[in-house]
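Chemist: Below are the sequence and a predicted model; questions follow.
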Amino acid sequence: MTENEISFLIRKAIFKVYSNLGPGLFESVYEKALMHELQMLALEVKSQVALPFIYETLRFDAGYRMDLLVNEKVVVEVKSIEAINDVHHKQMLTYLKLSGRKLGILVNFNTGNIEGSIIRKINGTI
């Protein structure tokens, strides 16, 4: 599957989770529910994936953690906060850059409009 095909299924799963749970819960709740829905769509999902980074000549094995990694291609960052800020966009771009992935999805479940709270971030071109 391509990143775009995976992205379509991720959006479908996000809408289902939001429809069932609504806004206002902890990020960990949405992450677990979303992981379940993605697995029900026959996608391979890893949770809390350690993302190493290199600083000068030093390698740090667990500098960051990606919330979800879908089919080894798409990074999903789950939020349940008042508003997505510029730092959250930068965080996703950093995850994409460090992991070598091309597509990320940033989603904020603490909203009255889930459609407007699903943001695709691209590293390079798809």
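Modeler: Done, it's in. Numbering: from 1, shown residues only.
Chemist: Where do the helices of the chain begin and end?
Modeler: Under the criterion DSSP state H, helices of the chain are mapped to 3-21, 27-40, 86-99.
Chemist: List the buried residues of the worst-scoring helix or strand of the chain on mean pLDDT.
Modeler: Within the chain, no helix or strand scores below strand 58-70, which has a mean of 88 by mean pLDDT, DSSP states H and E. Buried residues in strand 58-70, counted by 16 or more other C-beta atoms under 10 Å: 66-70. In short, each C-beta sits where N, CA and C put it, glycine included.
Chemist: now for the helices of the chain, which one comes closest to L58?
Modeler: Smallest distance to L58 across the helices of the chain (C-beta to C-beta): 14.4 Å, for helix 86-99.
Chemist: can you state the direction angle for the closest one and strand 58-70?
Modeler: 100 degrees (axes from the mean of the first three to the mean of the last three C-alpha atoms, to 10 degrees).
Chemist: most centrally placed residue in this protein?
Modeler: The centroid of the chain falls nearest to V76 when counting by C-alpha atoms, centre = their mean (1.0 Å).
Chemist: Compile the buried residues of strand 58-70 into a markdown table and extend it with columns for distance to S19.
Modeler: Output for the buried residues of strand 58-70, formatted as a markdown table (distance: C-beta to C-beta, whole Å):
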| residue | distance to S19 |
| --- | --- |
| M66 | 25 |
| D67 | 20 |
| L68 | 19 |
| L69 | 24 |
| V70 | 20 |
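Chemist: related to what we said a few turns ago, next, the contact list for the closest residue to the residue nearest to the centre of the chain other than its chain neighbours, please.
Modeler: Excluding the flanking residues, the one nearest V76 by C-beta to C-beta, 6 or more residues apart in numbering is L68, at 4.0 Å. Counting by C-beta atoms under 8 Å, 6 or more residues apart in numbering, L68 makes contact with 31, 34-35, 38, 45-47, 49, 75-78.
Chemist: for L68, which residues make a bridge with it?
Modeler: In this entry, L68 is beta-bridged to S47, V76, by DSSP bridges.
Chemist: gap between it and K121?
Modeler: 14 Å (C-beta to C-beta, to the nearest Å).
Chemist: Alright, that wraps it up for me.
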